[in-house]
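>>> Let's see this in three dimensions:
(one chain, ligands or ions: 1)
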Amino acid sequence: MSTIHDLPTPAVLIDLDALERNIARMADAARANGVALRPHAKTHKTIEIARLQIAAGAVGLTVAKTSEAEVYADSGFADVFVAYPVVGADKGRRLLALADRLRMAVGVDSVEGAATLAGVFAGAGRTLDVRLKVDVGLHRVGVPPADAARLAQRITDLPGLRLRGIFTHGGHAYGSEDEAGVVAVARDEGQTMAEVAATLRALGLELDTVSVGSTPTARGAMTVAGVTECRPGNYVFHDFSQVSLGTCSLEDCALTVLATVVSVPETGRAVVDAGSKTLSSDPLHPRVGGHGLVLGTRSRLARLSEEHGVIAVEPGDHFQVGDRVRILPNHACVVSNLHDRLTTVRAEGIVGSFAVAARGRVQ
Ligand SMILES: Cc1ncc(COP(=O)(O)O)c(C=O)c1O
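Numbers count the residues shown, from 1 in each chain. Modelled structure (predicted):
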């Protein structure tokens, strides 16, 4: 069997033992809470990992992009939620082309955006299921909870759309300073969504889905009564941000980057052949700095340029030119999107590889 020592670097490694454990644990947690699990596939963008998630009990997939939904439809997946405010008749036409092949729902957060999809579906005599995005604190997209009822009613009035649910993403948990902060965001995420759902139902709107989720908040938010679905993505791999937040331990991290030390110009500085084009420049959450941890050491990547990763060598750590190191990146979801293939391993033995099939599908 070939081992990781035979691989050209940099290379993205997926530890299958950790991956399988992560998939099973989240599926078990959702089952135990009576909540549907719909993992966000943007983390891995592969067919193989999505199949493992479905085999473990996921009801379907979440994606962010219409083009990602097309990739999964082409590979035979049957149920996809595009958890993003999709806007534009061009996207509407592509969704219409998918409607016969997929059980599908799409996010909306404005009448103007929803109307662009309504026009396409009503024109074709078809109906598109939509879910209203609610902002529970990330302040990115989504309607404030107090405005949800008014907007939901206006969307319900549009022909060609059927409002079937509400969804949110408690991504502001990544800004929490400690585990207590994450727990509070998770509880608030679930409770706010349950309250919004109750308000909408009191107006006569029929909602079958109240969907929450980020990796840090998934386990907490799914315990709140009224929540029906959870959409974590990063949990399959985890990363240094999740470790820093206390969401997981180092042993739970399935994605690492194998790199070679190419230069040790002076004491305290070593340089690897993995820079921002391999690791991305995403910051660490919470923001305590650096661009990844060198596993088995206390040293971190302090600086990145495109093809260089500069390690600030901690006292007691030693690096030599030619050493191979495994780096735990800050944010695994962006790393997979930077690579064509992910090499699958068990311990140091190579098992095979997964193509990143939806890589670059950003439209
Ligand atoms: C709408 C939406 N749902 C779910 C997720 C999954 O969250 P996480 O990456 O924390 O697992 C994301 C992540 O960005 C998201 O934007």
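>>> Low-confidence stretches in this structure?
Judged against pLDDT under 70, the chain has no low-scoring part.
>>> How about the one helix or strand E20 maps to and the ligand, any contact?
Under the criterion of DSSP states H and E, E20 resides in helix 16-32. No. Applying C-beta under 6 Å from any ligand atom, one finds helix 16-32 separated from the ligand by no less than 9.7 Å. C-betas here are computed from N, CA, C, even on glycine.
>>> how about that helix: buried residues?
Using 16 or more other C-beta atoms under 10 Å as the test for burial, helix 16-32 gives L16, A18, L19, N22, I23, M26, A27, A29, A30.
>>> Next: stretch 172-181.
Within stretch 172-181, the residues scored as buried using 16+ other C-beta under 10 Å are H172, A173, Y174, S176, G181.
>>> contact partners of that stretch?
The contact list for stretch 172-181 (C-beta atoms under 8 Å, 6 or more residues apart in numbering) reads 137-139, 182, 184-186, 189, 214, 216-217, 241, 245-246, 285-286.
>>> try stretch 48-65
Against stretch 48-65 from outside (C-beta under 8 Å, 6+ apart): 19-20, 23-24, 27, 30-31, 36-42, 44, 69, 72, 75, 77-84, 103, 229, 231, 233, 236, 354, 358, 361-363.
>>> ok so, going back, export the buried residues of stretch 172-181 to JSON lines and tack on secondary structure and distance to the ligand?
Below are those laid out as JSON lines (DSSP: H, G, I helix; E, B strand; the rest coil; distance: C-beta to the nearest ligand atom, whole Å):
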{"residue": "H172", "secondary structure": "helix", "distance to the ligand": "11"}
{"residue": "A173", "secondary structure": "helix", "distance to the ligand": "8"}
{"residue": "Y174", "secondary structure": "helix", "distance to the ligand": "7"}
{"residue": "S176", "secondary structure": "coil", "distance to the ligand": "12"}
{"residue": "G181", "secondary structure": "helix", "distance to the ligand": "15"}
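>>> List just the nearest of those residues to L301.
Nearest to L301 out of those is Y174 (C-beta to C-beta; 19.4 Å).
>>> Quick check: the closest one vs S244, distance?
Here Y174 is placed at a distance of 10 Å from S244 (C-beta to C-beta, to the nearest Å).
>>> Measure how the lengthiest strand in the chain sits relative to helix 16-32, angle-wise.
Within the chain, and with DSSP state E defining each element, the longest strand by residue count is strand 255-266. For strand 255-266 against helix 16-32, the angle by axes from the mean of the first three to the mean of the last three C-alpha atoms, to 10 degrees is 140 degrees.
>>> right, and A254 touches N22 too?
Yes. Between A254 and N22 there is a contact under C-beta atoms under 8 Å: 6.2 Å.
>>> tell me, what's touching these two both at once?
By C-beta under 8 Å, 6+ apart, the residues touching both A254 and N22 are V236, F237, H238.
>>> restrict those residues to contacts with the ligand.
Counting by C-beta under 6 Å from any ligand atom, nothing from these sits close to the ligand.
>>> circling back to that earlier point, and the contacts of stretch 172-181, which of them are in helices?
Mapping the contacts of stretch 172-181 onto helices (DSSP state H) picks out V182, A184, V185, A186, E189, S241, L245.
>>> Would you tell me which residues of this protein are close to the ligand?
40, 62, 83, 169, 171, 213-215, 231-235, 333.
>>> Who wins on neighbours among the residues you listed?
Most neighbours among the residues of the chain next to the ligand, by other C-beta atoms under 10 Å: G213, with 33 neighbours.
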